[in-house]
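J.: sequence and predicted structure are below.
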Amino acid sequence: MSATPQDPRHALPIRLNIDDSDSPSDVVDALFLGRFTTGEQPYAHSVSIERVKPGASLLPPEARVVRATRDTDRSATLAEGTGWTLLISRWSRGADITVTAETDELAARVLGQATEDAKDEPEPQPENVTMGFWYVSPRRGPHRTTRQIGAGTWEEVRPNYTAPVAGAMDRLMKITPDDITGRLLLLHGPPGTGKTSALRTLARSWRDWCQVDCVLDPERLFNDVGYLMDIAIGEDEGTAQGRWRLLLLEDCDELIRGEARHTAGQALSRLLNLTDGLLGQGRNVLVGVTTNEDLERLHPAVVRPGRCLARIEVGKLSHREAVDWLGTDEGVSREGATLAELFALRRGSSPASVPAQNPSADAGLYL
């Protein structure tokens, strides 16, 4: 004789212990789950909004607020109505909204009322491009947010690069999905030569077919398998419609230099697996890496033929190019100048520096 299945609400003992390590927000979260846990309100609907319109309360009509908390980086509001309960968790400009209700239809309707016309969508500017930013949040785990980033056209910024670089960039800016042969985009060269500026312009040039995301903590990405899988496998906006994604990893010298230690080597193998291994199979993912390392110091597996969509060394402008850019030769070295140095000269400023010391005084001491 088979046993009668036990009601899930009776199978789960409910106990809430509170001590001085808990915050008011923790209590609000726990209270919100009560009716869902007991089965009184067995249906739940949730949504996240990256940018909430200023002044939007996110409360549906006839909502009664029963708890509200606020701390330095988050606020929480618990509200209820006939047959439903609502939790609003807000951070910065964004919010998570969850509704539990007695019926699925009621949960969907209340959530729709709470979020109606609440999303802030500023008018897109022709010179801007939407760029995503990935990072691991202590509260929410791997998280992606978006920003509008100003970016000039390639015709506007082309004079910022020496002739060979500009020629290589000409071809890169015109690439379409049908032209993709490798999955790794590598920009290397000294600091201040305009690698990041080039990537912003690339995001604008490719915005019709490619979503560009910058990973703010790349050293963690390839050492945290869960984080990597969220980015590589998870569906982001647009990818379901066949759009490509370009993941930008800036200043990854430790990751791709030739003499990488064991831990960096594990991260490197995952990077390579994402670009042309099993992890990247079936995913329209490109990886863009910037580094200050010389090409000769990079790991041979990174620069082998067939892996790179583009491998461009971004260097100084020559003396003649720098003079043409600045309009004068005042302050321009005979060896040329980086883009950062030229902008500093144009502004009439120079980087702060420590005056040269007397070499005979305290010669053996360092800070």
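T.: That came through, no problem.
J.: count the residues that sit near Tyr43.
T.: By the criterion of other C-beta atoms under 10 Å, Tyr43 has 16 neighbours. To be clear about C-beta, it is placed using only N, CA and C from the backbone, and glycine gets the same treatment.
J.: and Arg270, how close does it get to Val287?
T.: 11 Å (C-beta to C-beta, to the nearest Å).
J.: more neighbours, the two?
T.: Taking neighbours as other C-beta under 10 Å, Arg270 and Val287 compare with Val287 leading, 23 against 20.
J.: in stretch 189-206, what counts as buried?
T.: In terms of neighbour count (16 or more other C-beta atoms under 10 Å), stretch 189-206 has its buried residues at 189, 192-206.
J.: which residues are in contact with that stretch?
T.: Residues outside stretch 189-206 that contact it (C-beta atoms under 8 Å, 6 or more residues apart in numbering) are 127, 129, 131, 149-154, 157, 160-161, 169, 172-175, 187-188, 210, 212, 244, 246, 248, 250, 288, 290, 292, 313-316, 338-341.
J.: what strands flank the helix or strand containing Pro142, and is each parallel or antiparallel?
T.: Under the criterion of DSSP states H and E, Pro142 resides in strand 141-150. Note on strand 141-150: by DSSP bridges, its sheet partners are strand 128-137 (antiparallel).
J.: next, count neighbours for the residue nearest to Gly83 when sequence neighbours are not counted.
T.: Closest residue to Gly83 apart from its sequence neighbours, by C-beta to C-beta, 6 or more residues apart in numbering: Glu102 at 4.3 Å. Using other C-beta under 10 Å, Glu102 has 16 neighbouring residues.
J.: give me the phi and psi for Glu102.
T.: phi -70, psi -30 (degrees, to the nearest 10).
J.: what pLDDT does it get?
T.: Note on Glu102: pLDDT of 96.
J.: tell me the contacts of it?
T.: Contacts of Glu102 by C-beta under 8 Å, 6+ apart are 40-43, 83-84.
J.: before we move on, the earlier item: residues in contact with the strand holding Pro142: which ones?
T.: Counting by C-beta under 8 Å, 6+ apart, 50, 94, 122, 124-125, 127-137, 200, 203, 213, 226-227, 230-231, 236 sit against strand 141-150.
J.: for the buried residues of stretch 189-206, work out which two are farthest apart.
T.: Pairwise distances across the buried residues of stretch 189-206 peak at 24.3 Å for Gly192 and Trp206 (criterion: C-beta to C-beta).
J.: tell me which of the contacts of Glu102 is nearest to Ala76?
T.: Once C-beta to C-beta is applied, the member of the contacts of Glu102 that ends up nearest Ala76 is Trp84, at 17.0 Å.
J.: list the beta-bridge partners for the residue nearest the centre of the chain.
T.: By C-alpha atoms, centre = their mean, the chain has its centre lying nearest to Phe133, at 1.6 Å. In this entry, Phe133 is beta-bridged to Thr145, Cys214, by DSSP bridges.
J.: how close does it sit to Ile149?
T.: Counting by C-beta to C-beta, the gap from Phe133 to Ile149 is 10 Å.
J.: tell me how far the nearest residue to Val65 once chain neighbours are set aside lies from Leu86.
T.: Closest residue to Val65 apart from its sequence neighbours, by C-beta to C-beta, 6+ apart: Ala79 at 4.9 Å. According to C-beta to C-beta, Ala79 and Leu86 sit 5 Å apart.
J.: pLDDT on stretch 147-158, on average?
T.: On average, stretch 147-158 scores 89.
J.: next, the distance between the ends of it.
T.: 24 Å (C-alpha to C-alpha, to the nearest Å).
J.: same question for stretch 51-59.
T.: End to end - C-alpha to C-alpha - stretch 51-59 spans 16 Å.
J.: report the buried residues of that stretch.
T.: 51-52, 56, 58-59.
J.: ranges for the strands of the chain?
T.: 43-49, 64-70, 75-81, 84-91, 94-101, 128-137, 141-150, 184-188, 210-215, 244-249, 285-291, 308-313 (DSSP state E).
J.: residues touching the closest residue to Thr69 other than its chain neighbours, list them.
T.: Among residues not flanking Thr69 along the chain, Pro24 sits closest, at 4.1 Å (C-beta to C-beta, 6+ apart). When the contact criterion is C-beta under 8 Å, 6+ apart, the partners of Pro24 are 67, 69, 71, 76.
J.: closest to Gly348 among those?
T.: Nearest to Gly348 among those: Asp71, at 44.6 Å, using C-beta to C-beta.
J.: shouldn't that closest one be in contact with Ser23?
T.: Yes: Asp71 is within contact range of Ser23, at 6.9 Å (criterion: C-beta atoms under 8 Å).
J.: higher neighbour count, those two?
T.: Ser23 (13 against 10).
J.: roughly how far apart are the residue lying closest to Thr338 once chain neighbours are set aside and Glu127?
T.: Spatial nearest neighbour of Thr338, chain neighbours left out: Gly192 (4.0 Å); criterion: C-beta to C-beta, 6+ apart. In this structure, Gly192 and Glu127 are 23 Å apart, going by C-beta to C-beta.
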